[in-house]
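Visitor: how does the following fold in three dimensions:
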Amino acid sequence: MNTRASIIIIEDEKNICNFIETVLTPQNYQVTCAYTGTDGLKLINTHKPDVVLLDLGLPDMDGLEIIQEVRTYSSVPIIVISARTMERSKVAALDMGADDYLTKPFGTAELLARIRTALRHSQRAANENSKYEVGGLLIDFERRLVKVNDQDVHLTQIEYKLVSLLAHNAGRVLTYETIISKIWGPFADSDNQILRVNMAHIRRKLEENPAEPKYIFTEIGVGYRMSGQSRDAQTVRTTANRRQQDCFMVWKLSTQDQISRAQSIIQNGMELISTFTQTKMLITKQNGIHMDVTEMERFVLSTLMVSC
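Guide: Numbering: from 1, shown residues only. Okay, the predicted model is just below:
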C-alpha cells in the first residue's frame with residue numbers, strides 16, 4: 001500500500017490555507033498548515049514532508065529566509081505560492097532554492113499539476129540516489145544506515161549529514177566553505193576547525209587506516225572528496241568494453257572504406273593507363289609512328305591480362 005504524500009502549507013491567511021487543504025485532501029494528500037514561518041520550520045524538521053507550499057509574505061519572517069534555512073539541511077521540493085508578481089521576486093526565490101513558483105490567484109488544476117511534477121522529480125532523484133556503495137562502505141540514504149564491511153556504523157547527526165553530503169557529491173571536491181554552509185548554515189563561522197574535528201571522527205569510524213583513507217580524501221587547502229567509484233564497476237567496465245568494440249568497428253569500417261576507395265582509385269588509374277597505352281600501340285600500328293611503351297604501361301597491361 002502506498003503511503004500518502006505529506007504536504008506542509010506555510011501561509012498566514014487561514015482562509016487560503018483551508019481552501020488549499022480542501023483541494024488536496026480528496027487527492028489523498030496528508031496536509032498540515034502553519035501560519036507563521038517559525039511554526040513552518042518546526043513542522044518541516046519534525047514531519048519531514050514530501051512537498052512544502054510556501055507563501056513569501058509571512059508575519060514573522062520573509063519566505064526567502066525559510067527557503068535559505070531549509071536548503072541547509074533538506075532538498076524537499078518547495079513550491080512558492082505568492083502574490084508577488086515581480087520578476088525579481090520569482091528569480092530570488094528560485095535562486096534561493098525554490099523548485100517552483102505560483103502566483104496568486106492560481107487554479108486548483110495547475111496547483112495539483114505542479115505538486116505532481118515536484119513529487120515525480122523528488123521520487124526520481126530518490127531512486128537514483130537511494131544508496132551509495134564503494135568497497136566495504138554502504139550508505140543507505142532512505143534508511144539513514146551506514147555500514148562498513150557489513151557492520152553498522154553509529155554516526156552523530158552532524159557526522160551523518162557530512163557523510164551524506166559528500167556521498168551525494170561523490171567524485172567532486174567540496175570546498176570547506178561549501179560544506180560549512182550546507183551543514184551549519186550560511187551564517188556559520190567560516191573557521192573550518194569544527195569541520196576538521198568532525199571529519200577526523202568520521203574517518204576513525206569508516207576507515208581501516210585513517211592515515212591512508214579509501215573513502216574520504218582531503219584536498220589540501222581546498223576541501224574534501226568522497227570516492228567516486230561505485231559498486232557498479234562491472235557495469236562501468238562492460239560499458240567501456242562496449243565502447244572499445246564500437247570504436248574498433250568504426251575504425252574497421254573506416255579502414256575498409258579507405259581500402260575500397262584506394263582500390264577504386266588504382267582501378268581507375270590502371271584503366272586510364274591501359275587506354276592510353278592501347279591508343280599508343282594503335283597509332284604505332286596504323287601510322288608506323290614509333291611510340292615507346294613505358295615499364296608502368298607494360299606492368300598495367302600484364303596485370304590486366306593476368307586478372308582476365
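Visitor: switch to C-alpha atoms for all contacts and neighbour counts from now on
Guide: Noted.
Visitor: which residues does the residue nearest to residue 152 when sequence neighbours are not counted bridge with?
Guide: Distances taken as CA to CA, 6 or more residues apart in numbering put residue 146 closest to residue 152, at 6.0 Å, once the chain neighbours are dropped. As for beta bridges, residue 146 partners with residue 139 under DSSP bridges.
Visitor: quick one: residue 146 from residue 208, how far?
Guide: Distance, residue 146 to residue 208, by CA to CA, to the nearest Å: 15 Å.
Visitor: got it, and residue 83?
Guide: Going from residue 83 to residue 208 by CA to CA gives 55 Å.
Visitor: swap in residue 121?
Guide: Between residue 121 and residue 208 the computed distance is 37 Å (CA to CA).
Visitor: count of neighbours near residue 5?
Guide: Neighbourhood size, residue 5 [other CA atoms under 10 Å]: 14.
Visitor: for it, which non-adjacent residue is spatially closest?
Guide: Counting by CA to CA, 6+ apart, residue 29 is the residue found nearest to residue 5 once chain neighbours are left out, at 5.3 Å.
Visitor: cool, residue 61 as well?
Guide: residue 37 (6.0 Å).
Visitor: please enumerate the helices of the stretch 1-150 of the chain.
Guide: In the stretch 1-150 of the chain, the helices defined using DSSP state H, counting those that start in this stretch lie at 14-24, 37-47, 63-70, 87-96, 108-128.
Visitor: among those helices, show me which one is buried the most.
Guide: Ranked by mean neighbour count under mean count of other CA atoms under 10 Å, the helices of the stretch 1-150 of the chain are led by helix 63-70, which reaches a mean of 20.
Visitor: packing partners for that helix?
Guide: If contacts are counted by 3 or more CA pairs under 8 Å, 6 or more residues apart in numbering; DSSP states H and E, helix 63-70 sits against helix 37-47, helix 87-96.
Visitor: mind running it again at 7 Å?
Guide: helix 87-96 (3 or more CA pairs under 7 Å, 6 or more residues apart in numbering; DSSP states H and E).
Visitor: for the helix it packs on, which outside residues touch it?
Guide: Here helix 87-96 makes contact (CA atoms under 7 Å, 6 or more residues apart in numbering) with 64, 67-68, 100-101.
Visitor: including distance to residue 177 and pLDDT, could the residues you listed go into TSV?
Guide: Putting these into TSV (distance: CA to CA, whole Å; pLDDT from 0 to 100) gives the following:
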residue	distance to residue 177	pLDDT
64	21	94
67	19	94
68	16	91
100	27	91
101	29	92
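Visitor: appreciated, that's everything.
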